[in-house]
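Student: turn this into a structure:
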Amino acid sequence: MTDVPALRVLMGYDGSPAANAAVGVGALLFPGAHARIVYLWTPPFARKSLHRRLWTGASHLNDLVEAIEREGRWEADQIAAVGTTLARAAGWEAEPLVERGYGGEGFKVAQLAQELNSDVVLVGSRGLSGGAAVLGSVSDMIVHYSPKPVLVAAHPLLIAEHAALTGGPVLIGWDGSAGARGALTEAEHLFPARDLLLVSVNDEKAAGRPADFTEAGDGRRAAPLSVGSRYGTSAGAVADTLADLARERHAALVVVGSRGRSALREVLLGSVAMQTLHRAHRPVLVVPPAGRRSGHTGAERPSPN
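Tutor: Residues are numbered from 1 along each chain as shown. Predicted structure coming up:
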C-alpha cells in the first residue's frame, strides 16, 4: 500500500488570537499535515519604545538603522517560533518561515504558496496584521491572488462550530460551473475522509425542482441537495443560505469556487465566494479558477479598469 503524502499547508501567522485559533482549526481539518508557518515583517518593525532605546545607544544614524533591522528580525523570528510550537503541539510537522516584506502581504503569501507548491493556504479571518486588519485587507487579498485554495478560519468560533471541525461534513456550493467542479475536486483531495454535501441554492419557486448533479455526484461520495433561499438569489442571499445550511447540517466548513473576476471587481461588486467569507461564521475554503491554479500569481493582479 502506497503511503499518501502529507498535505502541504502554508499558514500566514502574525501572533494574534485569530492566528493562534487558526492553527487549531487547521490541525483538526488537515491532521498530520506538513506546515510552513510564515511570518512577514516590514522594517522598521520594532516598536517606538524600542526605537528610543536603540537611539540612545547609537552614535550614528546607520547604527540605529542596523540595530532596528537586527532587533526587528529577532522579534519576527520569535513570533514565527511561537506559531511553529503551537502547530507542532497540535500535531503538525511544522517549520517557521520568516520573510521580509515591503507591503502587499497578501500578494507575497500568494507567491510563496506557488513557489512552495502548497496544497492549501491557511489564514485567520483577521489577516496577517493583528487587530488592525479585518476581512477586506490581507485575508481578502490572499484569497484574490492565491493560485492555491485558501482556507479562511473564522474567529471566534462558537462551541458547536468548533465541535463540527472534528467530523462534520464538507458543504460545497454547487451551480454546475467550472468553478464549482474545481471546488469539488479540491474538496475530494483535501478531505478524502469527509462526507461531501453539494448544495444548489435556488429561489423558493425552484426549490422543489430536481437539480442535475449527475456528473458531480456519480461515483463520488457527494450527496446532492437543492434548497430554496428565503433571502433571494443575490450573492449575499446565496451566502446566507449556505451559512444557514452549514449550521443545520453541522458542517465543518464551507467550500466555494471563485469565478476568477479581477480583485477590484470582486471587492466592489461582491461574489458568492467573498460574501460567504463574511457571513458563514465557520471556516471557508475558496478555490481559485483553474487558470489561476495552473498559472502564476502575477497574472491575477487587479485591472485598474
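Student: hang on, residue 168 packs against residue 251?
Tutor: Yes. Counting by CB atoms under 8 Å, residue 251 is a contact partner of residue 168 at 5.2 Å. Bear in mind the C-beta positions are built from the backbone N, C-alpha and C, glycine included.
Student: so residue 273 makes contact with residue 242?
Tutor: No. Between residue 273 and residue 242 there is no contact under CB under 8 Å: 10.5 Å.
Student: next, residue 238: secondary structure please.
Tutor: Assigned with DSSP: H, G, I helix; E, B strand; the rest coil, residue 238 falls in the helix class.
Student: quick one, what contacts it?
Tutor: 173, 201, 229, 272, 275, 276 (CB atoms under 8 Å, 6 or more residues apart in numbering).
Student: quick check, nearest of these to residue 193?
Tutor: residue 173 (21.0 Å; CB to CB).
Student: so where's the protein uncertain?
Tutor: Scanning the chain for pLDDT under 70 picks out 1-4, 43-65, 67-68, 103, 126-137, 203-224, 260-270, 291-305.
Student: ok, now with 50
Tutor: For the chain, the stretches with pLDDT under 50 are 1, 127-136, 205-220, 264-270, 295-305.
Student: among the contacts of residue 238, which lie within strands?
Tutor: Those of the contacts of residue 238 mapping onto strands are 173, 201, 229, per DSSP state E.
Student: ranking the residues you listed by neighbours, who comes first?
Tutor: The residue in those with the most neighbours, by other CB atoms under 10 Å, is residue 173 (26 neighbours).
Student: any idea how far it lies from residue 119?
Tutor: For residue 173, the distance to residue 119 (CB to CB, to the nearest Å) stands at 21 Å.
Student: ok, now residue 20?
Tutor: In terms of CB to CB, residue 20 sits 22 Å off from residue 119.
Student: tell me the bridge partners for residue 254.
Tutor: With DSSP bridges as the criterion, residue 254 is bridged to residue 171, residue 284.
Student: who's in contact with it?
Tutor: 171, 172, 173, 242, 243, 246, 276, 280, 282, 283, 284, 285 are the contacts of residue 254 under CB under 8 Å, 6+ apart.
Student: go with 10 Å
Tutor: Listed by CB atoms under 10 Å, 6 or more residues apart in numbering, the contact set of residue 254 reads 154, 170-173, 183, 197, 199, 239, 242-243, 245-246, 273, 276-277, 279-286.
Student: picking that back up, for the ones in strands among the contacts of residue 238, which one is nearest residue 84?
Tutor: Scanning these for proximity to residue 84, where the rule is CB to CB, the winner is residue 173, at 33.4 Å.
Student: hey, where'd the helices end up in the stretch 51-200 of the chain?
Tutor: Under the criterion DSSP state H, counting those that start in this stretch, the stretch 51-200 of the chain carries helices at the ranges 61-89, 105-115, 138-145, 159-167, 178-190.
Student: so can I have CSV of these showing mean neighbour count?
Tutor: Below are the helices of the stretch 51-200 of the chain laid out as CSV (neighbours: other CB atoms under 10 Å):
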stretch, mean neighbour count
helix 61-89, 17
helix 105-115, 23
helix 138-145, 26
helix 159-167, 15
helix 178-190, 20
